[in-house]
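Trainee: Build me a model:
(one chain, ligands or ions: 1)
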Amino acid sequence: MHEDEIAFIAANDPESVLRRCAADRKLLKLHGGKMHSCPATDEADYLDEWTQFRHEDTCPVVQLIAEGYGWAEETSLADAQGQTPPTEGDRMT
Ligand SMILES: [Zn+2]
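Mentor: Numbering: from 1, shown residues only. Sure, this is the predicted structure:
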């Protein structure tokens with residue numbers, strides 16, 4: 001690894017990045033792939049605090065987490081900027 005890469009990683013607080021990734025994984029575990037209720041707005045921007053989501057649905061929390069990683073609903077996760085979705089056990093190198 002080049003010294004400038006080491007300096008870049010150190011300047012971007014890798015411990016903070018790892019904490020955010022761990023928190024995102026916990027949110028995905030809580031909201032992804034299972035039936036649950038989650039607050040969501042409809043087309044008229046009306047907030048329904050108890051919107052029901054089925055296991056195959058993507059609730060707003062998962063959509064917002066994906067947005068933070070640069071993945072949009074209309075973009076395949078595998079195609080987004082050449083990135084692949086994080087999986088459990090991913091670590092920064
Ligand atoms: Zn949810």
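
Trainee: okay, CA-based contacts and neighbour counts for the rest of this
Mentor: OK.

Trainee: for the residue minimising distance to the centre of the chain, what are its contacts?
Mentor: Centroid check for the chain by CA atoms, centre = their mean gives I65 as the closest residue, at 3.0 Å. Residues counted as contacts of I65 (CA atoms under 8 Å, 6 or more residues apart in numbering) are D24.

Trainee: Now do the buried residues in stretch 49-60.
Mentor: Within stretch 49-60, the residues that count as buried by 16 or more other CA atoms under 10 Å are 53, 59.

Trainee: export it as PDB, just CAs?
Mentor: Listed next in PDB are the C-alpha coordinates belonging to stretch 49-60 (Å, rounded to 0.1, in the frame of the first residue of the first chain):
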ATOM      1  CA  GLU A  49     -46.600   5.300  10.800                       C
ATOM      2  CA  TRP A  50     -47.700   1.600  10.500                       C
ATOM      3  CA  THR A  51     -47.100   0.800   6.800                       C
ATOM      4  CA  GLN A  52     -46.800  -2.900   6.400                       C
ATOM      5  CA  PHE A  53     -43.900  -4.400   4.400                       C
ATOM      6  CA  ARG A  54     -43.700  -8.000   3.200                       C
ATOM      7  CA  HIS A  55     -40.400  -9.900   3.300                       C
ATOM      8  CA  GLU A  56     -39.800  -9.100  -0.400                       C
ATOM      9  CA  ASP A  57     -40.500  -5.400  -0.100                       C
ATOM     10  CA  THR A  58     -37.900  -2.700   0.500                       C
ATOM     11  CA  CYS A  59     -38.900  -0.300   3.200                       C
ATOM     12  CA  PRO A  60     -37.800   3.400   3.400                       C
END
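
Trainee: contacts for that stretch?
Mentor: Outside of stretch 49-60, the residues within contact range by CA under 8 Å, 6+ apart are 31-40.

Trainee: Repeat the analysis, applying 7 Å as the threshold.
Mentor: Stretch 49-60 is contacted from outside by 33-40, using CA atoms under 7 Å, 6 or more residues apart in numbering.

Trainee: Having no further points to raise, I will conclude here.
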